[in-house]
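Asker: Quick check, what structure comes out for this input:
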Amino acid sequence: MKVRLFEIFTSVEGEGILYGTKTLFVRLAGCPFTCFYCDTKESLPLDSGTEYSIEDANHLIDSNLKNQTYKVNFTGGDPLIQHEAVALLAKHIQDKKIPTYLESSCFDIDRFNHVLPFIDIVKIEFKTKDSDFVDAKHYEKFIGHTMKCLQSSVKSNKTTYIKVVVSSKTQLNEFAKLVQEIFDKISKDDIDGFIIQPTYGISEPSLELLLELYDLVYPHYIDVKVVPQLHKFIGAP
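Answerer: I've put the predicted structure just below:
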């Protein structure tokens, strides 16, 4: 078994419900999507980064793991591209009694379920149609997989939260439809957060739009939060 890693580094978590925590990021190479706001485009090619054996990758993780690290974040790219390797790496981390965190667009329920037993915290990222990550013809199929991943994570009693990246292109009616579909599948008590994340540096949404998007989620989930990528403001990777 081999794994292709783009980079490993310690930084401050700048997104989601655990922003501000000291985190070891394990960025895997490869992603099938091309979201227009992606800030790690260099890690998208399947042949980017460096290939390691699982044993060597575990040693690399251990050598980069700093004291008082709150969690290890498997990110990308998209980690589900290399799901079998991620499961092995995450198990290695769990054996150290450190929480594992999966950051994925959750595009495949079978790959997701393979990794899930070795993950403690799950960020389910729902893409909007305006992200330009897939064509309209394949959007519903993609969202169907993401919904199944959300339900699976909740059923497995994982710490689960939802993130939606929004931009000036985000349409209120499409966002409202997505939110309704989410809460038709789960209860507000099933999740640990709902994050609206504005794009940074490209097609940034106005405050007015962010408030309107917030208001669409609030009736379903009152703890919804608008959280920008805070690490960008302190110059962290």
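Asker: Can you work out which other helices and strands pack against the longest helix along the chain?
Answerer: Longest helix in the chain by number of residues (criterion: DSSP state H): helix 136-155. Helices and strands touching helix 136-155, by 3 or more CB pairs under 8 Å, 6 or more residues apart in numbering; DSSP states H and E, are helix 109-115, strand 121-125, strand 159-166, helix 172-185. Using the backbone N, CA and C atoms, a C-beta is placed for each residue, glycine as well.
Asker: quick check: angle from it to strand 159-166?
Answerer: With axes from the mean of the first three to the mean of the last three CA atoms, to 10 degrees defining the directions, helix 136-155 sits at 160 degrees from strand 159-166.
Asker: Turn the helices and strands packed on helix 136-155 into a markdown table, columns for mean neighbour count, mean pLDDT and distance to residue 78.
Answerer: Output for those, formatted as a markdown table (neighbours: other CB atoms under 10 Å; pLDDT from 0 to 100; distance: least, CB to CB, whole Å):
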| stretch | mean neighbour count | mean pLDDT | distance to residue 78 |
| --- | --- | --- | --- |
| helix 109-115 | 19 | 98 | 10 |
| strand 121-125 | 24 | 97 | 9 |
| strand 159-166 | 22 | 97 | 14 |
| helix 172-185 | 15 | 96 | 19 |
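Asker: returning to that earlier point: please write out the alpha-carbon positions of the longest helix of the chain in CSV.
Answerer: C-alpha atoms of helix 136-155 as CSV (Å, rounded to 0.1, in the frame of the first residue of the first chain):
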residue,chain,number,x,y,z
ALA,A,136,-25.2,20.6,-13.6
LYS,A,137,-25.9,17.1,-15.0
HIS,A,138,-23.9,15.4,-12.3
TYR,A,139,-24.8,17.8,-9.4
GLU,A,140,-27.8,15.9,-8.0
LYS,A,141,-25.8,12.6,-8.0
PHE,A,142,-23.0,14.2,-6.1
ILE,A,143,-25.3,15.8,-3.5
GLY,A,144,-27.0,12.4,-3.1
HIS,A,145,-23.6,10.9,-2.0
THR,A,146,-22.9,13.8,0.3
MET,A,147,-26.3,13.4,2.0
LYS,A,148,-25.7,9.7,2.5
CYS,A,149,-22.3,10.5,4.0
LEU,A,150,-24.0,13.0,6.4
GLN,A,151,-26.5,10.4,7.5
SER,A,152,-23.8,7.7,7.9
SER,A,153,-21.7,10.0,10.1
VAL,A,154,-24.7,10.9,12.3
LYS,A,155,-25.7,7.3,12.6
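Asker: how distant is it from the center of its chain?
Answerer: Relative to the chain's own centre, helix 136-155 is displaced by 14 Å; criterion: CA atoms, centre = their mean, to the nearest Å.
Asker: Does anything pack onto the longest strand anywhere in the chain? Which helices or strands?
Answerer: The longest strand of the chain (DSSP state E) is strand 2-12. Where contact means 3+ CB pairs under 8 Å, 6+ apart, strand 2-12 is packed against strand 22-28, strand 50-53, helix 54-64, helix 83-94.
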